[in-house]
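J.: requesting a structural model of the entry that follows:
(chains A, B, C and D)
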There are 4 protein chains.
Amino acid sequence: MQSTTRSPETVAHSLSTTQILERYREVRGWSARLTDPLTPEDTVVQSMPDVSPTKWHLAHTSWFFETFVLKAAGGYRPFNARFEYLFNSYYNAVGPQFSRPHRGLISRPTLAEVKAYRAYVDEHMERLLESGGAADLLSVVEIGLHHEQQHQELILTDIKHVLSCNPLFPVYRERREIPEGSAPGEMGWREFPEGLRTIGHEGEGFHFDNEGPRHRVFLQPFALATRLVTNGEYRAFVDDGGYTRPEHWLSDGWATVQSQGWERPFYWLEIEGAMHEFTLSGMRPLAPNEPVTHLSYFEADAYARWAGARLPREAEWETAVEGAAMIGNFVESEAYHPVPVKDSDDSHMRQLFGDVWEWTASAYDAYPGYAPAPGALGEYNGKFMCNQFVLRGGSCATSRTHIRRTYRNFFPPAARWQFSGLRLAKDAS
Amino acid sequence: MQSTTRSPETVAHSLSTTQILERYREVRGWSARLTDPLTPEDTVVQSMPDVSPTKWHLAHTSWFFETFVLKAAGGYRPFNARFEYLFNSYYNAVGPQFSRPHRGLISRPTLAEVKAYRAYVDEHMERLLESGGAADLLSVVEIGLHHEQQHQELILTDIKHVLSCNPLFPVYRERREIPEGSAPGEMGWREFPEGLRTIGHEGEGFHFDNEGPRHRVFLQPFALATRLVTNGEYRAFVDDGGYTRPEHWLSDGWATVQSQGWERPFYWLEIEGAMHEFTLSGMRPLAPNEPVTHLSYFEADAYARWAGARLPREAEWETAVEGAAMIGNFVESEAYHPVPVKDSDDSHMRQLFGDVWEWTASAYDAYPGYAPAPGALGEYNGKFMCNQFVLRGGSCATSRTHIRRTYRNFFPPAARWQFSGLRLAKDAS
Amino acid sequence: MQSTTRSPETVAHSLSTTQILERYREVRGWSARLTDPLTPEDTVVQSMPDVSPTKWHLAHTSWFFETFVLKAAGGYRPFNARFEYLFNSYYNAVGPQFSRPHRGLISRPTLAEVKAYRAYVDEHMERLLESGGAADLLSVVEIGLHHEQQHQELILTDIKHVLSCNPLFPVYRERREIPEGSAPGEMGWREFPEGLRTIGHEGEGFHFDNEGPRHRVFLQPFALATRLVTNGEYRAFVDDGGYTRPEHWLSDGWATVQSQGWERPFYWLEIEGAMHEFTLSGMRPLAPNEPVTHLSYFEADAYARWAGARLPREAEWETAVEGAAMIGNFVESEAYHPVPVKDSDDSHMRQLFGDVWEWTASAYDAYPGYAPAPGALGEYNGKFMCNQFVLRGGSCATSRTHIRRTYRNFFPPAARWQFSGLRLAKDAS
Amino acid sequence: MQSTTRSPETVAHSLSTTQILERYREVRGWSARLTDPLTPEDTVVQSMPDVSPTKWHLAHTSWFFETFVLKAAGGYRPFNARFEYLFNSYYNAVGPQFSRPHRGLISRPTLAEVKAYRAYVDEHMERLLESGGAADLLSVVEIGLHHEQQHQELILTDIKHVLSCNPLFPVYRERREIPEGSAPGEMGWREFPEGLRTIGHEGEGFHFDNEGPRHRVFLQPFALATRLVTNGEYRAFVDDGGYTRPEHWLSDGWATVQSQGWERPFYWLEIEGAMHEFTLSGMRPLAPNEPVTHLSYFEADAYARWAGARLPREAEWETAVEGAAMIGNFVESEAYHPVPVKDSDDSHMRQLFGDVWEWTASAYDAYPGYAPAPGALGEYNGKFMCNQFVLRGGSCATSRTHIRRTYRNFFPPAARWQFSGLRLAKDAS
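T.: All right, here's what the predicted structure looks like:
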């Protein structure tokens, strides 16, 4: 997901005005809470082109409501007319955009000014919602809230990248006590028979347009692992020379390993002979029972090949989670990091949601019959359907109220700064 | 296809020794014929990293037989021991390789020496085949011949790129007289119903492993255009500002248009107000009825969107060509360029084979149950399954004896130097 | 000057302890004053590799005193042991350094923490100086103060670059009222006869080692313009197509013009048809009578050629300023921008000091007999003597107490972000 | 020297028509002789942007006579009108130029066609000279011959670079037997007193405009080594960790060492534990008594610093060679490589001319009073006076009839592909 906004298939909204107002306060408040541990200086930095400054995220999500709700509703005077240009991400239909890789050069508006901007937008939004003046815009408000939740995940992954560049390794938030977990033992597998399945979103609830239309696919028999791959398992791959043997890697992956000098997962660092991992709670000794995270597609794919398995296809994954409870280690648990599997009973599927996004073997594409929504909001739903792979299930930085079984996240195969890991799959018979 | 060698699923060969010997002479002779119009100077140049010098193609294809057949059969003294390194393309299992982007720096061996190398290999190959000493290597010989045919196509597309860089616009071969054709009229469409289909290669004949296993897929109803898109039609897109409007393009495509300054297809050039096209027969005024060619995936996709259509999925294409005769404008016709559709009867599918490779909307991936062959030859069948799209049907540079209905060619979405064009598709109901 | 520290030829200091202590407070206080108008967010940004964040300048100048005085004097506990690495600029003899182009990624220590660091160092420095414990380190303290003054100039030029990247064009400080000046009329010239001259620093006063040894040079007859080139004059060059005609430019300069898309001086911007200039007081209409500034050597040289003149050699410049009063528009005047010449009497040399650094035609090199000082402090005096040109006279961002007639500043010929302009020269007879 | 043409200060020529005709045949014939060992394939390759293909050198030098003599004389029909564009190097006044870094993409005209072009130009030139029709162009012919001699040196250094990229390490010409020489012993020094000297060219003979005007300089006392630095001496620097210690290097030099991964001189290669050097006669064990060559300025400067010395200034060098015989190992000796000093008497200056160009510490600049010649021929004499250093004395690839005591060659400080070495200098008293 490229801090993408995707529009729903229909303008029908799924919540009442009161529910929306409550959700609005909740979601907007969560952005503030995520920003609390940060200094003004932290919120300026863009540590690579994929990263946006926290300050920018806070402003851009407000810009969204200002542009698509307040201006659309009429009778609104913008907080600052220049912000339309400054905080547009990539909506060509709205107008030109400030260059993305240069977001880190913009010291003004300051964090305090951005907070004032947020308060101004919130005040007008609340007034509008309370007055019932946004009746035909409620679906857009709902999108705006999901949009802000996407950026909340990016606030966390982006600031993690920023802080990791600092040799002082600052702590975002001290960690809650998390049980170390016990070694999860042999990988368990669950088999699924061949057959025609139906995937994709259906019904009234909110969803992005790339999740539909619901359609039939034919699946060969397959098996999925009943839990995620752990740090300890992944380390065996590293120790076996995984990053030095081309035979495990896709050709583009191997080229990336060499040109980028990859030797291990992104946030792993050897300090005085012991492997450590940088987390949002600072630098810690590597915890072997936690799910491995911050893998690129290339690394997940190479590990699976080394392990004699493969990555799941997205239709397999969606079939497998049918009926599964949507519980897991989401951002609301405030662990800000994946946690060991709690349940040693490997006869059922665990860790399907939260913890880490699971890379699938499926290139991100259009479902049969897909058509992007019209206008600026729907402008770009399909425009990222190239050179990206689908990830499923959400992560420890995803909100419980944001994820769905049909949710399709996507990133280019070399991306490593998200909470992305893997579950193994196999052909069955 | 990255001048890729792909291995068959099985070591069983499909031709008799005599047939193989005959084929060997035929294929090897064709490489020589393709090189005839070139000067020694032409065969040295590498005009971009994707292009290899003709001299390199001629040597590498011989290296293949030397490495995988003659050395494997034993009792063979190499022509030059250093060539193992110099003409290995990317087989890590064979050993290190000379840097690909530097192939154009290698003036020696000269063209004459490379020809002597070819003659030496041919002599030993013929002796081996005649003596029956390669009984268990016949399938490898067969691969070697298909491998050489792939490089024959690259010899043509690479030298076209080389000659196009020269402001003198040299002619590779004077053109045979080709009828201008009449304007093909409105696009015709053929509809296909929904249902379970079976695609992929089956049976004894030679095929690459990525064409299998044969398997079932479920298709929604769709329609395919009954002919290719023409220069005239594509020009309407250009004239409509196609290259200046982001709404037609994938995000990566639009970034490429801007960073590369694309304004029209790769070999189109406006000269004194008139649009021209560089061909292997030199610079010519643009012929409106010829199929448009040398499009990237990005351009084919943008055109389809502009035209209110989409690109076919590869399973749709393969379903549609079932039972179609494999006739078309192949390299054997020596036109070295796509030709106008001859048949104005748009009630049936035309131009399915030859002329231009047809971009599909399908990312290049593994068929369910796919497993790469073992050893150096099979080392890399799957390693390109990332960030590439499938093309189907062969081109005017493809040999008639090389193409299959199940043949899966693939290139990255920005590649333009192949004979690649498009056929439109639509959802049906 | 690459935020360079240069050491004196001798360890003899030129001031008494009391004077040094007074100077210490004065200089350190000025850094604080320069930072006053900035928000914490402003002090983080590194807008290009040549620029350092304000926060870094404030810390690095304190690091200098900590490293070369407090640690050398002994009995000192560092504020934070990690700062040795983090705020070392390029002293290999001290140890490894944090990567220069990544200084903008470091949000911590925050501005408040850096200020605490400064206060801690100041407290220890004052205690040390008052106790007389630094008797043998006084010359190093003196260097440290000149070092800090160099960084004060960079604080201004760097933050100007940072703010200029922001489309809101923030104001650093509102401008004092500055008289517009009258058009300065025809350029006046002063001639100097040929002969043996002596240049370079001599005597007890503080100076950098590259200013000596004092030595003889033979000069041909020459003439220098009696004032700087103005915006109005430079604009005539722009309007005459100066940036589109290769014949005015050095070969490297023309390549830079084309690759960088230069069309006018760095901070000039055409807004709604009127030429503007970005200043530390925000965006203003271009003032024709002010000296042109932020020119690269390439631009100064091209202008001089276009004007039928040339740039002065540094020995010519130094000869010409002999005996001239060291008055001018320095940073103490707090104009933060060059001002029009006040005096219309062109029979004498004006604007020799302050306003803008004057590019000379002299490559930065070693004077005959030059030898760098030993140890870390002298480590690098000569190491920049390559691909740089000398500038003379100081600028509106230079401190009056920092400049000397023999002072040799230097920058690469493409550098534009300093207050650099030009005075014309000619051969005479 | 950037394959630069420089014009004389005066249009007066220094030779009679008959002498010029004789020289014309001699120089043009030498280009042919230099090309004899090369295959057509060799003459196409451009192994880096600084290198031009041999074929291009042969054509460009003919283009020079065609453009500036034959076309100027009138009544001439060009061999091929497109060549004006294709073989113009950088004369903006003549017209646009084919992109320099793409010269290696141009396979046509072939070597045979370029030879025909040369023959055509030669025929017309001889006819013109014999008819006396070029009376007012004789000085241009003379420039053209010196221009061709500059390119002859580049033909050798460029093809050496091309062949060195080939792992087969082809031989340009088998080496004549060259005595190994004996170890030259301690470095001898010759001292020169301080005083006013006069340098620069004077008189009727041919010279480039950058060699004048003749003018006075004041020199401090100095000493020059009486011979060049050898491979053996330079190797001691390498073995002492010279390429791993920043203290020896200029800042830009150290950055280059690190970014380019320099570990030893350009053509040195360790093969199975023994140091070798690639030469125009192929790969050879390093000869310790030969002068070290293919050093950049950065390396020469670092070596001198390590050795407790410095590089000579160009005025020092020119003063030192006054009256010295212009003998040495020039291209006419056909060694194509520097040779050991023959004479063990270190009481006099040896190896002043030929063998290797000697880097000086002097940035390439304009002599006082210098003015470039008017028109296309003089267009660019001064335009390279930036970021280059002067080299003196010619090399084993320079023609005896081309070099002068006042000759100023120049290259950027990182350039390594020329026959460039060093002589040490010191301050004296």
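J.: how close does the spatially most central residue of chain A sit to D:Glu334?
T.: Centroid-nearest residue in chain A: A:Glu153, 5.8 Å away (criterion: Cα atoms, centre = their mean). Separation of A:Glu153 from D:Glu334 (Cβ to Cβ, to the nearest Å) stands at 71 Å. The C-beta positions use only the backbone N, C-alpha and C, and glycine is treated the same way.
J.: coming back round to it: surely the residue nearest to the centre of chain A forms part of a strand?
T.: No. The assignment for A:Glu153 is helix, going by DSSP: H, G, I helix; E, B strand; the rest coil, so no strand is present there.
J.: you'd agree it is up against A:Leu391?
T.: No. A:Glu153 is beyond contact range of A:Leu391, at 11.8 Å (criterion: Cβ atoms under 8 Å).
J.: quick one, helices of the stretch 251-400 of chain A?
T.: Applying DSSP state H, counting those that start in this stretch to the stretch 251-400 of chain A gives helices spanning A:251-260, A:297-306, A:314-320, A:375-378.
J.: distance check, A:Val44 against C:Pro53.
T.: A:Val44 sits 10 Å away from C:Pro53, going by Cβ to Cβ.
J.: anything in contact with each of these two?
T.: C:44-45 (Cβ atoms under 8 Å, 6 or more residues apart in numbering or on different chains).
J.: get me the contact residues on chain A for chain C.
T.: A:39-45, A:47, A:55, A:82, A:85-86, A:98, A:102, A:104-111, A:162-163, A:165-168, A:170 (Cβ under 8 Å from any Cβ of the partner chain).
J.: among those residues, which ones are buried?
T.: A:39-45, A:47, A:55, A:86, A:98, A:104-111, A:162-163, A:165-166, A:168, A:170 (16 or more other Cβ atoms under 10 Å in any protein chain shown).
J.: now, these that are in helices?
T.: Among those, DSSP state H puts A:55, A:86, A:111, A:162-163 in helices.
J.: include distance to chain B and pLDDT when you put those into CSV, please.
T.: Listed next are those as CSV, based on distance: Cβ to the nearest Cβ, whole Å; pLDDT from 0 to 100:
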residue, distance to chain B, pLDDT
A:Lys55, 24, 98
A:Leu86, 20, 92
A:Leu111, 30, 98
A:Val162, 24, 98
A:Leu163, 29, 98
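J.: smallest gap between the stretch 1-150 of chain A and chain B, at which residue?
T.: Using Cβ to the nearest Cβ, the single residue of the stretch 1-150 of chain A nearest to chain B is A:Asn92, 4.8 Å away.
J.: which pLDDT does the model give that residue?
T.: What the model reports for A:Asn92 is a pLDDT of 70.
J.: looking at the helices of the stretch 251-400 of chain A, which is buried most?
T.: Each of these was scored by mean neighbour count; the highest is helix A:297-306, a mean of 25, by mean count of other Cβ atoms under 10 Å in any protein chain shown.
J.: packing partners for that one?
T.: Packing partners of helix A:297-306 (3 or more Cβ pairs under 8 Å, 6 or more residues apart in numbering or on different chains; DSSP states H and E): helix A:231-239, helix A:251-260, strand A:357-363, strand A:420-421.
J.: let's see that with 10 Å instead.
T.: Here helix A:297-306 touches helix A:231-239, helix A:251-260, strand A:357-363, strand A:389-392, strand A:420-421, going by 3 or more Cβ pairs under 10 Å, 6 or more residues apart in numbering or on different chains; DSSP states H and E.
J.: let's have those in CSV, adding mean pLDDT.
T.: As requested, the helices and strands packed on helix A:297-306 are arranged in CSV below (pLDDT from 0 to 100):
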stretch, mean pLDDT
helix A:231-239, 98
helix A:251-260, 96
strand A:357-363, 98
strand A:389-392, 98
strand A:420-421, 98
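J.: hang on, the earlier thing: pretty sure the residue nearest to the centre of chain A is touching A:Gln418, no?
T.: Yes. Judged on Cβ atoms under 10 Å, A:Glu153 makes contact with A:Gln418 at a distance of 8.1 Å.
J.: hey, what's in contact with both of those two?
T.: A:1, A:357, A:395, A:397, A:409 (Cβ atoms under 10 Å, 6 or more residues apart in numbering or on different chains).
J.: list just the nearest of those to B:Ile403.
T.: Lowest distance from B:Ile403 to those (Cβ to Cβ) belongs to A:Asn409, with 38.1 Å.
J.: so the nearest residue to the closest one once chain neighbours are set aside bridges to which residues?
T.: Among residues not flanking A:Asn409 along the chain, A:Leu391 sits closest, at 4.4 Å (Cβ to Cβ, 6 or more residues apart in numbering or on different chains). For A:Leu391, the beta-bridge assignment (DSSP bridges) gives partners A:Trp359, A:Asn409.
J.: contacts only, for A:Leu391.
T.: Neighbouring residues of A:Leu391 by Cβ under 10 Å, 6+ apart: A:1, A:297, A:300, A:314, A:317, A:356-360, A:362, A:364, A:407-411, A:415, A:418-422.
J.: if we can go back for a sec, what is the lowest-pLDDT residue among the shared contacts of A:Glu153 and A:Gln418?
T.: A:Met1 (40).
J.: quick one: low-confidence parts of chain A?
T.: Where chain A drops to pLDDT under 70, the residues are A:1-14, A:374-381.
J.: go with 50
T.: Along chain A, the model assigns pLDDT under 50 to residues A:1-12.
J.: mind listing the strands for it?
T.: Secondary structure of chain A (DSSP state E): strands located at A:189-192, A:195-199, A:215-219, A:222-225, A:268-271, A:274-279, A:282-285, A:328-329, A:353-354, A:357-363, A:389-392, A:409-411, A:420-421, A:425-427.
J.: distance of A:His402 from A:Gln150?
T.: Counting by Cβ to Cβ, the separation of A:His402 from A:Gln150 is 7 Å.
J.: more neighbours: which of the two?
T.: Using other Cβ atoms under 10 Å in any protein chain shown as the criterion, A:His402 and A:Gln150 rank with A:Gln150 on top: 22 against 19.
J.: that one contacts A:Gln418, correct?
T.: No. Counting by Cβ under 10 Å, A:Gln150 does not reach A:Gln418; the two are 11.6 Å apart.
J.: next, count neighbours for the closest residue to chain D within chain A.
T.: Scanning chain A for proximity to chain D using Cβ to the nearest Cβ identifies A:Gly261 as nearest, at 13.9 Å. When neighbours are counted by other Cβ under 10 Å, A:Gly261 registers 8.
J.: which residues touch the closest residue to A:Asp343 other than its chain neighbours?
T.: The shortest distance from A:Asp343 to any residue other than its chain neighbours is 5.6 Å, reached at A:Arg350 (Cβ to Cβ, 6+ apart). By Cβ under 10 Å, 6+ apart, the residues touching A:Arg350 are A:184, A:188, A:225-228, A:324, A:327-328, A:341-344, A:423.
J.: this completes my enquiry, with thanks.
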